[in-house]
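Visitor: okay, predicted coordinates and the sequence, questions at the end:
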Amino acid sequence: MTQPDEKNTSADPCSCNDQGCCDDQMAQRLPSPTVNSEDNGISCCGKPSYQASSLFEKPGYQLWHFVEDFMDTPIGPVPLVRVEPAWRDRVGTFMTRIGIARDHYTVAPGLYAVGRPDPDDPVLVTANYKLTFDALRKALSGIKAWILVLDTLGINVWCAAGKGTFSTNELVQRIASTQLDKTVNHRELILPQLGATGVSAVKVKKATGFKVIWGPIQASDLKTFLDNGRRAEKGMRQVTFSLPERLVLIPVELYHLPKPTIWILAGIFLLSGIGSSIFSFSMSWSRGLMAAAAYLIGIIAGTVLAPALLPWIPGTAFAIKGAVIGVIAAIGLLVGLAGSWGGLEALALLLFTTAISSYLAMNFTGSTPFTSPTGVEKEMRKAIPLQAAAVILAAVAWVATPFT
């Protein structure tokens, strides 16, 4: 952590050299400084003055609410963070879970402390995605530890390891920039197991002298892990994908759908009106509602039913699982619309619903322990052309129906 600038000793009363910014390790950028109403917001230098809510805040910056104090260390003050979640954490978690601003939900990389650790206490390494950071600090209730946060560009540990941001180079550079060797007496780092694909323990040891110890997959197991002498039980090494873990992903997938849905529905009602009279508004409405229902059923099948019923759906590839549940859902739709469709229309609705369900179910592949990154890429290369072909065939069959 950098030290604050020394106050200017110049005799000039308008010197503002003491208005430097605090270290971004403990702060988040604000659009503008807070104005002091007592002097109308103008200092002797003609710049807005600043009313800090904390002794540690500086103009243009504000402390995160979870920073409760600072610890003096050989490298300077280190933020001491709370382990108990506040209402702002819960609101942030909810907003992120439904997909709002999740790409910017980050904390600054650097060194943090929990429980006022001493130089002999463990160092836990994590990502700067705030959901990940929150999960770690909440699991450390009653534990004294240092938290080394890597700059993963706001990506969780597992995905960041695959994308190359939770990496050997970033870890080595962060150890150096925080001067970790001056803060702790030992030379051990505890990393989450899901970061193993991105970090070489041998290279970290060679470059920094710090030994990497692979911790449990779940932050909630850290206390037991530490009590067991830093040994993980068998269950701590196994990735789970339970029903709650699957269902929590659904809102994010739904969040991305409104924008493309507008254009898809516009195309559906346009194609539905094409007929022997060139275009019929009555057909556009009646047939368009059927196609829109097929689209809605496809969304429900791919984003809700597929993840909920995942272990019981035949197949290994998510595109196939989505297609299977899509076919079943489409048949249910056709039964419900009995008498309203002809042969070509039934084929079009079946293909359309199946393609939508298959594509949306495939979006869950990156969140599961069932597939590798190369496996996901291979599946997408095979599935997307087939899904696109199914949609094209559905459109052709749908438009051709009024002419038969």
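Guide: Structure received.
Visitor: all helices of the stretch 201-350 of the chain, in order?
Guide: For the stretch 201-350 of the chain, the helices defined by DSSP state H, counting those that start in this stretch occupy 201-208, 222-227, 243-247, 250-255, 258-272, 281-300, 306-308, 318-336, 343-362.
Visitor: export those to CSV and tack on distance to V172?
Guide: Every C-beta, even on glycine, is put in place using the N, C-alpha and C of the backbone. Below are those laid out as CSV (distance: least, C-beta to C-beta, whole Å):
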stretch, distance to V172
helix 201-208, 5
helix 222-227, 23
helix 243-247, 32
helix 250-255, 32
helix 258-272, 41
helix 281-300, 45
helix 306-308, 37
helix 318-336, 36
helix 343-362, 36
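Visitor: which among the ones you listed is found nearest to A145?
Guide: The closest approach between A145 and any of these, judged by C-beta to C-beta, belongs to helix 222-227 at 8.4 Å.
Visitor: so how far is that closest one from its chain's centroid?
Guide: Distance of helix 222-227 from the chain centroid (C-alpha atoms, centre = their mean, to the nearest Å) equals 26 Å.
Visitor: in TSV: the helices of the stretch 201-350 of the chain, plus distance to G195, mean neighbour count and mean pLDDT.
Guide: TSV is the format used below for the helices of the stretch 201-350 of the chain (distance: least, C-beta to C-beta, whole Å; neighbours: other C-beta atoms under 10 Å; pLDDT from 0 to 100):
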stretch	distance to G195	mean neighbour count	mean pLDDT
helix 201-208	11	15	96
helix 222-227	14	17	92
helix 243-247	19	13	83
helix 250-255	22	16	85
helix 258-272	33	14	94
helix 281-300	34	18	95
helix 306-308	25	24	92
helix 318-336	24	21	95
helix 343-362	25	24	95
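Visitor: select, out of these, the one closest to L148.
Guide: helix 201-208 (11.4 Å).
Visitor: what does the closest one contact?
Guide: T168, L171, V172, I175, A176, D181, L189, F210, K211, V212, W214 (C-beta atoms under 8 Å, 6 or more residues apart in numbering).
Visitor: now, among these, which is nearest to D103?
Guide: Closest to D103, out of all of the contacts of helix 201-208 and judged by C-beta to C-beta, is L171, at 22.8 Å.
Visitor: about what we covered before: buried only: go through the contacts of helix 201-208 for me.
Guide: T168, L171, V172, I175, D181, L189, F210, V212, W214 (16 or more other C-beta atoms under 10 Å).
Visitor: skip the chain neighbours and tell me the closest residue to the fourth one.
Guide: To tie it back to what came earlier, the one meant is I175. Spatial nearest neighbour of I175, excluding adjacent residues (C-beta to C-beta, 6 or more residues apart in numbering): T208 at 4.9 Å.
Visitor: quick check: domain ranges of this structure?
Guide: Domain assignment for the chain by automatic domain parsing gives 1-63, 66-239, 244-403.
Visitor: let's see the pLDDT reported for C14.
Guide: C14 carries a pLDDT value of 32.
Visitor: quick check: the closest residue to L309 other than its chain neighbours vs L351, distance?
Guide: Nearest residue to L309 in three dimensions, chain neighbours excluded: I325, at 6.7 Å (C-beta to C-beta, 6+ apart). Distance of I325 to L351, computed by C-beta to C-beta, to the nearest Å: 15 Å.
Visitor: contacting residues for L333?
Guide: A293, A294, I297, L349, T353.
Visitor: how about TSV for those, with distance to L111 added?
Guide: Shown next, in TSV, are those (distance: C-beta to C-beta, whole Å):
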residue	distance to L111
A293	55
A294	54
I297	51
L349	57
T353	52
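Visitor: touching, P119 and V184? I think so.
Guide: Yes. Contact criterion C-beta atoms under 8 Å: P119 and V184 qualify, at 5.0 Å.
Visitor: which of these two has more neighbours?
Guide: V184 (22 against 12; other C-beta atoms under 10 Å).
Visitor: burial count for W87?
Guide: By other C-beta under 10 Å, 8 other residues sit near W87.
Visitor: on that earlier part again, the residue nearest to L309 and L305: what is the separation?
Guide: In this view, I325 and L305 are 5 Å apart by C-beta to C-beta.
Visitor: what's the longest helix in this structure?
Guide: Secondary structure assigned by DSSP state H gives helix 373-400 as the longest helix of the chain.
Visitor: helices and strands of the protein: which one bottoms out on pLDDT?
Guide: Comparing helices and strands within the chain by mean pLDDT, DSSP states H and E singles out strand 27-29 as the least confident, with a mean of 38.
Visitor: leaving out chain neighbours, which residue sits closest to T73?
Guide: Closest to T73 by C-beta to C-beta, 6+ apart is T183, at 5.1 Å.
Visitor: state the distance from the one you found to Y295.
Guide: 56 Å.
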